[in-house]
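>>> This is the structure alone, sequence omitted:
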């Protein structure tokens, strides 16, 4: 059993995991939960956790998809739902047919519930976890509280670092984020990282957000040593 792991969600979580690996060499496992099993996301996740996944040429994003049936039959068949690597784990809780269209809170939560046993098996590998929730998107907002609740039931020591979306990200993301934050608070204290976007452009804002979250992670881990 590993002592501790970082738990991240969705494409925002993959971005943070990549940035964290670039900035710090701390040998802590990273666990990624994601719904969208695109070849690009799968490859990024596999690289972060150092999973030995071999990709076929026809799975690349340049492959022309003519129909949903072809997509189901060919595009995703060799991408596993679960990946175990030298430096972490990754779980896709989705099906090929669900790759397109916007996910909402309820639909994403329903998907996660179908994979409860798989999530429990992953969480049981760690004595403590640090949940990183970039709230706003459906994956982080719905699944981060769900995982926190599972960890609580399994008596796993859990810390939570969360961010709220900026106002310019829209009312839907703000509403989902608030819902997720309220649920996270039910399982314990939440360290909220705040970023002021007023004088920054979008690219700079999201870079600042990644930097702030990664620094908050490292500060928390240093304090626990």
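Good, I have the coordinates. None of the values given here were measured: they were computed from a predicted structure.
>>> strand partners of the helix or strand hosting residue 3, parallel vs antiparallel please.
Under the criterion of DSSP states H and E, residue 3 resides in strand 2-9. As defined by DSSP bridges, the strand partners of strand 2-9 come to strand 30-34 (parallel), strand 126-134 (parallel).
>>> Can you find the helix or strand in this protein with the smallest mean pLDDT?
helix 68-70 (a mean of 54; mean pLDDT, DSSP states H and E).
>>> can you redo the strands paired with strand 2-9 as JSON lines with mean pLDDT?
Formatted as JSON lines, the strands paired with strand 2-9 follow (pLDDT from 0 to 100):
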{"stretch": "strand 30-34", "mean pLDDT": "95"}
{"stretch": "strand 126-134", "mean pLDDT": "96"}
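>>> Reformat those as TSV; add mean neighbour count.
Heads up, the C-betas are built off the backbone N, CA and C, glycines and all. Shown next, in TSV, are those (neighbours: other CB atoms under 10 Å):
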stretch	mean neighbour count
strand 30-34	25
strand 126-134	24
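>>> Any chance of CSV for these, columns distance to residue 85?
Below are those laid out as CSV (distance: least, CB to CB, whole Å):
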stretch, distance to residue 85
strand 30-34, 9
strand 126-134, 15
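>>> Just tell me which of those ends up closest to residue 223.
Relative to residue 223, the nearest member of these by CB to CB is strand 126-134, separated by 11.5 Å.
>>> mind listing the strands in the protein by residue range?
2-9, 30-34, 82-85, 88-92, 126-134, 157-163, 191-192 (DSSP state E).
>>> closest to residue 47 out of these?
Per CB to CB, nearest to residue 47 of the strands of the chain: strand 82-85, 8.8 Å.
>>> which strands and helices sit next to the closest one?
Taking 3 or more CB pairs under 8 Å, 6 or more residues apart in numbering; DSSP states H and E as contact, the helices and strands that strand 82-85 lies on are helix 39-49, strand 88-92.
>>> how about the shortest one: buried residues?
Residues of strand 88-92 classed as buried under the neighbour-count rule (16 or more other CB atoms under 10 Å) are 88-92.
>>> swap in the first one?
Across helix 39-49, burial judged by 16+ other CB under 10 Å covers 39, 41-49.
>>> helices and strands around it, which ones?
helix 10-23, strand 30-34, strand 82-85, strand 88-92.
>>> List of residues touching stretch 172-181?
For stretch 172-181, contacts defined as CB atoms under 8 Å, 6 or more residues apart in numbering pick out 104-105, 133, 135-138, 140-142, 144-145, 162, 164-165, 167, 190, 192.
>>> if you set the cut-off to 10 Å instead, what comes out?
9, 102, 104-105, 108, 133-146, 148, 160, 162-167, 169-170, 190, 192 (CB atoms under 10 Å, 6 or more residues apart in numbering).
>>> Nothing else from me, thank you.
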